[in-house]
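**Student:** this one's structure only:
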């Protein structure tokens, strides 16, 4: 019979991998030019992530942990004698690119959190308009019908909302670094 702790840990791994697999794949594909090579590396990465999952601390940043493992997979793959370089084999260059991706990803995560907070500050009607346009994919004409506004009024409203959100995100980001 399977250990309940093991079952819960397996489920945790599968949930985290499923949630973040696209991010990890994008990371590897950014570092590796050849699609087939990137897919091979991702397969090896998934296996290594599973084998080392007992080292992952629940509640910490799974993507950061997975990216470190993925970077090592990429570097190991590049070092392999049978691999022909398709663009750059310099490990320092690959590590530099990986570090920049991590830095930008962290900044995007912070901006995303700031945007979420700013969206919650909007009046309900404005938040609904943003949801219709950017999350539901409604066209301007559809939003105009849905909200009983003219198309021009919807364009102006969205423009004002984007301006308010941009200012709010900038102020939130500045306050976070102060």
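**Tutor:** Perfect, thanks for sending it. Owing to the predicted nature of the structure, the values given are computational and were not obtained by experimental measurement. Numbers count the residues shown, from 1 in each chain.
**Student:** element containing the residue positioned nearest the centre of the chain, please.
**Tutor:** Nearest to the geometric centre of the chain sits residue 23, at 5.0 Å (Cα atoms, centre = their mean). Per DSSP states H and E: residue 23 is located in helix 4-31.
**Student:** low pLDDT regions in the protein?
**Tutor:** By pLDDT under 70, the weakly predicted segments of the chain are 1-5, 81-97, 99-108, 177-178.
**Student:** how far off centre is stretch 15-35?
**Tutor:** Taking the mean of its C-alpha atoms, stretch 15-35 sits 10 Å from the chain's own mean (Cα atoms, centre = their mean, to the nearest Å).
**Student:** roughly how far apart are the nearest residue to the residue nearest to the centre of the chain once chain neighbours are set aside and residue 25?
**Tutor:** Nearest-residue entry for residue 23: residue 63, 5.5 Å, with adjacent residues in sequence omitted and distances by Cβ to Cβ, 6 or more residues apart in numbering. In this view, the C-beta of every residue, glycine as well, is placed from N, C-alpha and C. When Cβ to Cβ, to the nearest Å is the yardstick, residue 63 and residue 25 sit 12 Å from each other.
**Student:** where along the chain do the helices fall?
**Tutor:** 4-31, 35-51, 62-79, 91-121, 124-130, 140-147, 151-177 (DSSP state H).
**Student:** pick the most buried one from those.
**Tutor:** helix 62-79 (a mean of 18; mean count of other Cβ atoms under 10 Å).
**Student:** does residue 20 touch residue 61 like I think?
**Tutor:** No: look at residue 20 against residue 61 with Cβ atoms under 8 Å: they stay out of range, at 9.8 Å.
**Student:** intersection of neighbour lists for these two?
**Tutor:** Common contacts of residue 20 and residue 61 (Cβ atoms under 8 Å, 6 or more residues apart in numbering): none found.
**Student:** skipping adjacent residues, who's closest to residue 132 in space?
**Tutor:** Among residues not flanking residue 132 along the chain, residue 138 sits closest, at 4.4 Å (Cβ to Cβ, 6+ apart).
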